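Undergrad: the sequence and its predicted three-dimensional model are supplied below.
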Amino acid sequence: MIPHPPTAWKSALPSGKPLALLMAGLGILLAVLIYLVLPSLGLSALSDSLNYQRLVMLCGAGVGAIAYWQYWRFIIPRPQLLVAFVLLGWPLAALGNMHLLQLGVNIRFTPLLMLLLMLPMLRIIVPHIGLLWRQLPWLKYYAAFIVWLGIYYLFYNANATDPRLSGGESAMGDGAVSLVQLIAYVYCLLCVALSAVTVLKIKNFRGFFDALNQALLWVSAVESLITIAGFPFQLTSMMLDGFLRAIGIFSHPNPFAHHMGILMVYLLGLYCYYQGDRKHRMPTALLWSGLAINLIAFLLGLSKTAISGFALCALILFLLNLAVPAIRRSFIQIAIGLVTLFPLGLFIFELLTGKNFFSIMESRINETESMNWRAMVWQDLMADIDLGTIWLGHGFTSANQTVFNLTFNDAKNANPLMMVHNAYIALLYDLGMLGYLMFVAPLRLMAQSIRGWMNAVKPALRTEHTIIISLSVYFLFACGFDEMSYMFDAPQLYWTLVSMLFCMAIREKQECPA
């Protein structure tokens, strides 16, 4: 049994109050000295050399230190709030940052993210590294991948930059593809560790899980309603490849589609989870309405990859859950619900678009220009891999740089592109065979979940494992057609959910009477 006393988090409280107060006092004192005391003594040279903005920065440093100490003091004992932000607030924060960048305002989101999220995450995770290492069998592979990635970032880096992004001219700016990728992969690792520690250590883990799921249903439903309402007016949609596709609160249909794909697999898994003895823990109306509303928004994304991946994972999820008695007893109810839900989604889709869903999807399948272009780029990249580079790669983000050079003078593309659209080729091209350690992690997780499904002490405990397997299949499937290994919020959504579910299965098994 993992100890989880109510005061388990209190020992993690920092003892940084004197330092924070000292920083605050020095900031304010320095400003007063420069702008009030020295000029009154006739020493105004220093104050003349400092402008109003520097005064604000000096005072802001002091106020900011106090605010950050209070935030740190509040958040460290409550890691569940950080998990909730990763699942619920991160897309909204990214949306706000994107609009600020479009307005020419750069708030330095990356360092701000590290300060507000990564540092508290590390403070929570570090004391429990031994626990995580024992409980998460796939963690060692992802950690080894991060080490290999870090070595390449420092010593074998192509320093690819995207000139379309703010600061794209600098290899250390916001447009540096290598910096974006490194932080994204590290952030996914932190999401794994944070969600796992939270579930393993929190006392009322079921209450936390249920509250988080209800919040996820509410927030995702509201965001989907906004997407549906704005779709006909192109407020939450855009024309791409001749089709009007939903983008939701994202900037492109692809990140929206994969966010919704991961979410739909998880929500369908929740429907299976909250059956039988667990049914009273989740309002049925909230679960059904959340599924229906998100399904409509998901279909509006018109992503061939996301829809086919979801269909495959839904089938896997449903078949594996037939081993759970509560699901078998509700088979007719589930069948009637799905028969009702899917046509309803198609009906509303046709009301919004004025077109038949299957006709549009057939047209999208027949429209192969985008896929043909991707295949040509993939062939060029694969042709550049030989017996030497297959082991050590070409250098971090070399694949992005190569794709940019291939499309720079291509008349078919309005702008040169940076994305490989295939994580398997990109990691092999950049990092060599050891880059595939990233894929070993979800495969190891799937193997552990299959074993957990087969050896479950109670049939109901199989459901968590079926959701993990389905989410992992979607993740690995989407990695073959998009930047799903690191880009958008879908990878961190995946790693957070599967880690939380895996640790939920551990806690449920420990609480199960022998």
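TA: On my side now, so go ahead. Numbers count the residues shown, from 1 in each chain.

Undergrad: what is the helix or strand that contains Tyr266 packed up against?
TA: Assigned by DSSP states H and E, Tyr266 belongs to helix 253-273. Secondary-structure packing of helix 253-273 (3 or more Cβ pairs under 8 Å, 6 or more residues apart in numbering; DSSP states H and E): helix 205-230, strand 243-246, helix 284-300, helix 304-321, helix 462-478, helix 490-511. Heads up, the C-betas are built off the backbone N, CA and C, glycines and all.

Undergrad: let me see the mean pLDDT of the second one.
TA: When pLDDT is averaged along strand 243-246, the result is 89.

Undergrad: what helices and strands are in contact with that strand?
TA: Strand 243-246 packs on strand 237-240, helix 253-273, helix 284-300, helix 357-366, going by 3+ Cβ pairs under 8 Å, 6+ apart.

Undergrad: tilt between the third one and helix 357-366?
TA: What that stands for is helix 284-300. Relative orientation of helix 284-300 with respect to helix 357-366: 40 degrees, computed using axes from the mean of the first three to the mean of the last three Cα atoms, to 10 degrees.

Undergrad: mind listing what's buried in helix 284-300?
TA: Using 16 or more other Cβ atoms under 10 Å as the test for burial, helix 284-300 gives 287, 290-300.

Undergrad: can you add distance to Tyr436 and give those residues back as a markdown table?
TA: Converted to a markdown table, the buried residues of helix 284-300 look like this (distance: Cβ to Cβ, whole Å):
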| residue | distance to Tyr436 |
| --- | --- |
| Leu287 | 37 |
| Gly290 | 36 |
| Leu291 | 35 |
| Ala292 | 39 |
| Ile293 | 38 |
| Asn294 | 33 |
| Leu295 | 34 |
| Ile296 | 37 |
| Ala297 | 34 |
| Phe298 | 30 |
| Leu299 | 33 |
| Leu300 | 35 |
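
Undergrad: looking at those, spot the one nearest Val473.
TA: Phe298 (17.1 Å; Cβ to Cβ).

Undergrad: wait, Glu508 touches His465, no?
TA: No - Glu508 is beyond contact range of His465, at 10.7 Å (criterion: Cβ atoms under 8 Å).

Undergrad: neighbour count winner among the two?
TA: His465 (24 against 19; other Cβ atoms under 10 Å).

Undergrad: test my guess that that one contacts Met504.
TA: No - counting by Cβ under 8 Å, His465 stays clear of Met504, with 10.2 Å between them.

Undergrad: need the pLDDT of Ala144.
TA: 96.

Undergrad: not counting its neighbours along the chain, what's nearest it?
TA: Using Cβ to Cβ, 6 or more residues apart in numbering and skipping the chain neighbours, the partner closest in space to Ala144 is Leu437 (5.2 Å).

Undergrad: look up how far Arg462 lies from that neighbour.
TA: 29 Å (Cβ to Cβ, to the nearest Å).

Undergrad: tell me the secondary structure at Glu483.
TA: Assigned by DSSP: H, G, I helix; E, B strand; the rest coil, the conformation of Glu483 is coil.

Undergrad: so who does it touch?
TA: When contacts are counted by Cβ atoms under 8 Å, 6 or more residues apart in numbering, Glu483 is found next to 419-421, 423, 426.

Undergrad: for Leu88, state which of these is nearest.
TA: Nearest to Leu88 among the contacts of Glu483, with distances taken as Cβ to Cβ, is Ala423, at 25.6 Å.

Undergrad: does that closest one touch Phe481 like I think?
TA: No - assessed by Cβ under 8 Å, Ala423 is found out of contact with Phe481, at 9.1 Å.

Undergrad: look at these two and report which has more neighbours.
TA: Counted by other Cβ under 10 Å, Ala423 and Phe481 do not tie: Ala423 has more neighbours, with 26 against 20.

Undergrad: pLDDT below threshold where in the protein?
TA: 1-64, 163-175, 408-416, 513-514 (pLDDT under 70).

Undergrad: pop the domain breakdown of it in here.
TA: 1-77, 204-365+469-511 (automatic domain parsing).

Undergrad: need the winner for burial among those domains.
TA: Burial of those is given as mean neighbour count (mean count of other Cβ atoms under 10 Å); domain 204-365+469-511 ranks first at a mean of 19.

Undergrad: may I have the distance across that one, first residue to last?
TA: 12 Å (Cα to Cα, to the nearest Å).

Undergrad: and the contacts of stretch 220-231?
TA: Outside stretch 220-231, the residues touching it (Cβ under 8 Å, 6+ apart) are 91, 236-237, 244, 246-249, 256, 263, 267, 289-290, 293-294, 296-297, 300, 348, 352.

Undergrad: 7 Å - rerun?
TA: 236-237, 246, 248-249, 263, 289-290, 293-294, 296-297, 300, 352 (Cβ atoms under 7 Å, 6 or more residues apart in numbering).

Undergrad: which two from those residues end up farthest apart in space?
TA: Across the contacts of stretch 220-231, the longest distance by Cβ to Cβ is 22.5 Å; it joins Ser237 and Ser289.
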